[in-house]
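In: sequence and predicted structure below; questions after.
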Amino acid sequence: MRALTGISELDAMLHGGLMRGDVTLVVGSAGTGKTTLALQYLVNGATKFNENGLYITFEQMPAQIYRDAASFGWDIRKLETEGKIRVVCTSPPVLVQFVEQRNPIDAMIEEINAKRIVIDSISHLEAFIPASELRGELYRLINHLKMKELTSVFTAESHEVFGDRLVVTGVGLSFLVDCIILLRIVEVQSSLRKALTVLKIRGSDHDKQLREFEITSEGIRVEAPFKDLEGLLTGTPRRTGEERFAEAFAKVARKGK
Amino acid sequence: MNETGLHELSEKLIGTEIKAELLRLFHMNPGILDTVESIARRIGRMPKDVENEISTLVDLGVLRKERFGKLDVVSLNTSKDREVQEKLAALIERGVKE
């Protein structure tokens, strides 16, 4: 049983979409498109798959989300009026109380019969919850969402724009979640391009290639895998051995003429 | 009576700069569900300056304050807010006619 993101190439990479009831972490540095991907997942759920959703934001105000979404043609306010999406702007200490009985967020989930939820971004919890309690609180939150049978997407900020280190949180969040999608900026021939890969899905195979993606006027579009380059995740890729050989061979051939 | 009613209601609603800022914040972002401290941060004010203003808007029914676990959480009471807006509009209209 899968929940389609509606981004067809990504659904193919996930071998049919996100596993229903799972928690997916979308990790990336600033400007990689985490919020766009998460919104697209919710909007497509509400408009294409009859699955309503809740969007929980901390720092970014709903007014800004409405405006940004509108630039992709997504009318979030209309979807809210229709009872298909609810945008909740809160702070991490309130979210942690989400697991309490009879809370307003649970009430909203029931009110719109939400099947999807986005928390943007889970990294904010680190600033408000003591490190010694963070893993336990995240574990409790994840299990609460699973009990509600929600298919969840958390966004998380990775601080390294380039480089071969990937630290999501200091508390092993990547072990708690079921699926990880990594968004990265890579430099290819002196231009910055965006790359996406699925790092893990618990209990399912998935595409392991690193693919280029673009943020278009209609949202995220995933393209073909990067060709003839290796070391892309370090941010400074080099050509593959085969590519270097082919070029050297072509040089020799040109000299011989 | 109309003028007094209008004056009283508008005074209660937007009598201070902070109250006007709070109403603007909640009207533009109806999904806010947050503590007084965080709401103060969202309009760039100190919690002590915002607390009483929020209480006035809670008394008017425009905002709702609920205990949520260990925290008091404030949100927009959309139905009451609409009611107050309609009342204000009606008072203005009557005032214009008179």
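Out: Good, I have the coordinates.

In: please report how far residue A:116 lies from residue A:40.
Out: 11 Å (C-beta to C-beta, to the nearest Å). Every C-beta, even on glycine, is put in place using the N, C-alpha and C of the backbone.

In: pretty sure residue A:174 contacts residue A:180?
Out: Yes: between residue A:174 and residue A:180 there is a contact under C-beta atoms under 8 Å: 5.9 Å.

In: ok, which stretches of chain A are strands?
Out: Assigned by DSSP state E, chain A shows strands spanning A:2-3, A:18-19, A:23-28, A:52-57, A:85-89, A:114-120, A:151-157, A:179-188, A:191-201, A:211-216, A:219-225, A:229-230, A:238-239.

In: for chain B, which residue gets nearest to chain A?
Out: residue B:69 (3.1 Å; C-beta to the nearest C-beta).

In: doesn't residue A:105 make contact with that residue?
Out: No: here residue B:69 does not reach residue A:105: they are 10.9 Å apart, not a contact under C-beta under 8 Å.

In: in terms of neighbours, single out the busier of those two.
Out: Set residue B:69 next to residue A:105 and count neighbours by other C-beta atoms under 10 Å in any protein chain shown: residue A:105 wins out with 25 against 15.

In: list the contacts of that one.
Out: Contacts for residue A:105 (C-beta atoms under 8 Å, 6 or more residues apart in numbering or on different chains) come out as A:54, A:56, A:88, A:95, A:98, B:33.

In: gap between stretch A:136-149 and the chain center?
Out: 18 Å (C-alpha atoms, centre = their mean, to the nearest Å).

In: mean pLDDT, mean neighbour count and distance to chain B added to the strands of chain A, as JSON lines?
Out: Formatted as JSON lines, the strands of chain A follow (pLDDT from 0 to 100; neighbours: other C-beta atoms under 10 Å in any protein chain shown; distance: least, C-beta to the nearest C-beta, whole Å):
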{"stretch": "strand A:2-3", "mean pLDDT": "96", "mean neighbour count": "20", "distance to chain B": "23"}
{"stretch": "strand A:18-19", "mean pLDDT": "97", "mean neighbour count": "22", "distance to chain B": "24"}
{"stretch": "strand A:23-28", "mean pLDDT": "95", "mean neighbour count": "26", "distance to chain B": "21"}
{"stretch": "strand A:52-57", "mean pLDDT": "97", "mean neighbour count": "24", "distance to chain B": "8"}
{"stretch": "strand A:85-89", "mean pLDDT": "97", "mean neighbour count": "26", "distance to chain B": "4"}
{"stretch": "strand A:114-120", "mean pLDDT": "97", "mean neighbour count": "24", "distance to chain B": "13"}
{"stretch": "strand A:151-157", "mean pLDDT": "95", "mean neighbour count": "25", "distance to chain B": "17"}
{"stretch": "strand A:179-188", "mean pLDDT": "90", "mean neighbour count": "20", "distance to chain B": "25"}
{"stretch": "strand A:191-201", "mean pLDDT": "92", "mean neighbour count": "18", "distance to chain B": "29"}
{"stretch": "strand A:211-216", "mean pLDDT": "95", "mean neighbour count": "16", "distance to chain B": "24"}
{"stretch": "strand A:219-225", "mean pLDDT": "94", "mean neighbour count": "17", "distance to chain B": "21"}
{"stretch": "strand A:229-230", "mean pLDDT": "72", "mean neighbour count": "16", "distance to chain B": "43"}
{"stretch": "strand A:238-239", "mean pLDDT": "70", "mean neighbour count": "13", "distance to chain B": "46"}
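
In: need these in TSV (columns: distance to residue B:23).
Out: Compiled in TSV, the strands of chain A are given as follows (distance: least, C-beta to C-beta, whole Å):
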stretch	distance to residue B:23
strand A:2-3	38
strand A:18-19	39
strand A:23-28	35
strand A:52-57	20
strand A:85-89	16
strand A:114-120	26
strand A:151-157	30
strand A:179-188	38
strand A:191-201	40
strand A:211-216	34
strand A:219-225	33
strand A:229-230	54
strand A:238-239	57
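
In: which stretch among those comes nearest residue A:35?
Out: With C-beta to C-beta, the closest approach to residue A:35 among the strands of chain A belongs to strand A:114-120: 5.7 Å.
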